[in-house]
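K.L.:
sharing a model that was predicted from the sequence below.
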Amino acid sequence: MKRWISSLAALCLAAALVAPIPAQGADQVSYLPGVTEEMTDPAFWSGRTEDPDGLLATPEELAALSAASLTAKGANMHDLKRQPETVNAKALAQSLKASAEENAKYYLGWTYSSDGEKADQAFYDEMIANSADPDAKESQPVGYAVAVVRTQLLTFPSTEPILDDPKDPDFDYQNLSTIRVNEPLVIRAASADGNYYCVLTDSASGWVRAEDVALCADKAQWLAAWDIPADKAVVICGDKVWTAASNFQPETSKRMLTMGTVLELADWPDPESLVSNRATYYNHVVYLPVRGEDGSYEKRTALLPAGKDVSLGRLPLTSENLARVAMNTLGATYGWGGMLESNDCSGLLRDIYHCFGLDLPRNTTWQTAMPAAKADLTGLCSEEKCRILDALPLGSALYFNGHTMLYLGHIDGQYYVLSSVSKIMNNAGEKTQRIRSVVLSTLDVRRASGKTWLQDLHTALIPYQTTADLPAPLWYHDGVAFCLTNGLMDAGAGGFFSPNAPATRAVITEALWRAAGKPAAGEAAVPFPDVADGASYAQAALWAKEQGVIQGIDGNFRPEDTLTREQLVTILHRYTAEEGGTADSLKDYTDAGRVSAWAREAMAWAVDRQIIRGKTATTLNPGDPVTRAELAVICQRTVQPVQSTQ
């Protein structure tokens, strides 16, 4: 024994003499471009708001928004308390089987099983058969249950993975959504083998493993388990918290509780009275749901450390609390449908806001259907989107197809978000890069298409507000949106339209060519010496010359020349081939005499058609240069009526 102790002491001494491991500094942590270490501090973002501690919404307002979402069209949420108490399980079994067949049809041909082989029809037939309970009756009561572990809502009644890449088991299409501990479920059917239940959660439906839930004796017991009074709620606000290990009470030992989990606070006045064989000092005593041997619901007392990641009561929704809860998830694993004990993008937002008592729909499309304040960003150029982003509060949700982000704020023209990300383009923009983490980033991040997140944004939502004073569309919005949506004009890098930049002859020529359907021209070569055959606007210039839309200047096209207002209306007049206006059309303008003789007919036509409305009520400013914003608006006024008559 002495020899063993002596050897151990020598080993410890040797370890003490080894050079100490350097403290991990900022240079050992990687950040995405534009992000600094100080930005990972919640106070960095909440401190930039007007009132970090001020309530963004009251508990009553959040409860009202949650209730309104339950009935909002497109949100696909379920009011579990008001679900029918019986179900035609026989008809439902057939419906579930048909749904499984449709799902299998979708996945067949491009998915793999866990053995790395292509998932064939036989693979799916087994799961399809398990979807229909042969003992289902035409009328049977629904079941009420709560989850006893953090578990998954599944596509099929099976835990067999459905992979799109046999080498990537961390992306499994079986997973639909996560279910938190103590989350309520309404059971509508059972699988054929009895190992799975088809359930409704408040935000989704699917299959769950029977062993992961506890069955309540009746609806009253079920409601008591999870419909917890505000002063009795204990909320998990960290990414993950575990109950303490215990050999004395293994049923509550090392239970993982994820963000947004809500448990009931137990009445436990005596700190010396033992829970899980321990005194209760510095801990909350909570009730934890457990599954009895027969699958029935029971509850046991357990201890949760009274630290920063556990809140007694729902957190007040302030900028400070919102930033802190959000940053608790930074660096966590991305988990499709909640797999890997983690979250995907929409699941992350759901868990963050559940800490404050606000229930969000499951996926991105459904979340945008919430009856909350929102702005439609579809068709907006990046300048317009940035104006709206500048007015958004911390905690707003931003969406493009398939992804959502929590908005943090803007600094020096950069817009910052937190989100759970699967992949993006790498920093060099050469290929997609697997991320699979919760990251803080700018909206300059690029998708596989090469477009930035900012470019692809289609909705901004303030989840905790019903109304918001957001900027009204700018005067050029309709014209720019029309030209971008119909591909008549292109935005520049990052989707910025540069509305105040000068409009050129090349841009208007290409816009009209595109509006005409990009017709092929008859000439073999472009008839302008200053247009190279390979120029992006070469075919447009050739077409415009043949159609008499563009006649050139001194035999040249002059593609980069800035258009004047009278040049623009002349080109548009030729494009429409409509009759011109009369001299009387210009009589109300004091500078009508400044209109060039070759442009007078076109200018009169433009005024008659209200394509040109004057810089002021009495001036035309015919020689003024045209901006890109003006071109877009005037182009819409011209092209849209022409298209509608074709």
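P.N.:
Right, received. Where do you want to start?
K.L.:
Val290 falls within a helix, correct?
P.N.:
No. Secondary structure assignment (DSSP: H, G, I helix; E, B strand; the rest coil) places Val290 in strand, not in a helix.
K.L.:
show the contacting residues for it.
P.N.:
148, 214, 251-252, 298-300 (CB atoms under 8 Å, 6 or more residues apart in numbering). Placement of C-beta: from N, CA and C, glycine included.
K.L.:
what of Gly517?
P.N.:
Going by CB under 8 Å, 6+ apart, the list of residues near Gly517 is empty.
K.L.:
how close does it sit to Leu586?
P.N.:
Distance from Gly517 to Leu586, counting by CB to CB, to the nearest Å: 33 Å.
K.L.:
also Leu56?
P.N.:
Taking CB to CB, one finds Leu56 at 55 Å from Leu586.
K.L.:
go on, Leu215?
P.N.:
Counting by CB to CB - Leu215 and Leu586 are separated by 83 Å.
K.L.:
swap in Pro316?
P.N.:
64 Å.
K.L.:
and for Glu264?
P.N.:
Glu264 is 79 Å from Leu586, by CB to CB.
K.L.:
now do Phe156
P.N.:
In terms of CB to CB, Phe156 sits 72 Å off from Leu586.
K.L.:
those two: who's more crowded?
P.N.:
Applying other CB atoms under 10 Å to Phe156 and Leu586 shows that Phe156 carries more neighbours, namely 26 against 20.
K.L.:
what secondary structure does the residue nearest to that one when sequence neighbours are not counted sit in?
P.N.:
Spatially, and ignoring its direct neighbours in sequence, Phe156 is nearest to Met127 (4.0 Å; CB to CB, 6 or more residues apart in numbering). Under three-state DSSP, the three-state class of Met127 is helix.
K.L.:
ok, now Arg574?
P.N.:
Quick answer, by three-state DSSP: Arg574 is helix.
K.L.:
that one against Gly548, yeah?
P.N.:
Yes. Counting by CB atoms under 8 Å, Arg574 touches Gly548, with 5.8 Å between them.
K.L.:
of these two, who's got more company?
P.N.:
Arg574 (17 against 10).
K.L.:
is the most centrally placed residue in the chain in a helix, a strand, or coil?
P.N.:
The centroid of the chain falls nearest to Thr404 when counting by CA atoms, centre = their mean (1.4 Å). With three-state DSSP as the basis, Thr404 sits in strand.
K.L.:
that one: what's it in contact with?
P.N.:
Per CB under 8 Å, 6+ apart, neighbours of Thr404: 345-346, 349, 364, 367, 397-398, 419.
K.L.:
what do you get for Val275?
P.N.:
Going by CB under 8 Å, 6+ apart, the list of residues near Val275 reads 268, 283, 285, 301-303.
K.L.:
any of these buried? List them.
P.N.:
Buried members of the contacts of Val275, counted by 16 or more other CB atoms under 10 Å: 283, 285, 301-303.
K.L.:
and the two most separated of those residues?
P.N.:
Using CB to CB, the pair of the buried ones among the contacts of Val275 lying farthest apart is Asn283 and Thr301, separated by 10.6 Å.
K.L.:
looking at the buried ones among the contacts of Val275, which is nearest Leu408?
P.N.:
Taking the buried ones among the contacts of Val275 together and measuring to Leu408 by CB to CB, the closest member is Asn283, at 33.0 Å.
K.L.:
partner residues bridging the closest one?
P.N.:
On the basis of DSSP bridges, Asn283 is bridged to Pro305.
K.L.:
pLDDT weak spots in this protein?
P.N.:
The model of the chain has pLDDT under 70 over residues 1-27, 428-429, 523-524, 641-646.
K.L.:
before we move on, back to that, just the closest of the contacts of Thr404 to Trp513, please.
P.N.:
Leu398 (34.8 Å).
K.L.:
so the closest one: helix, strand or coil?
P.N.:
strand.
K.L.:
now Gly580
P.N.:
Quick answer, by three-state DSSP: Gly580 is coil.
K.L.:
counting neighbours, what do you get for the nearest residue in space to it that is not next to it in sequence?
P.N.:
Spatially, and ignoring its direct neighbours in sequence, Gly580 is nearest to Glu601 (3.6 Å; CB to CB, 6+ apart). When neighbours are counted by other CB under 10 Å, Glu601 registers 19.
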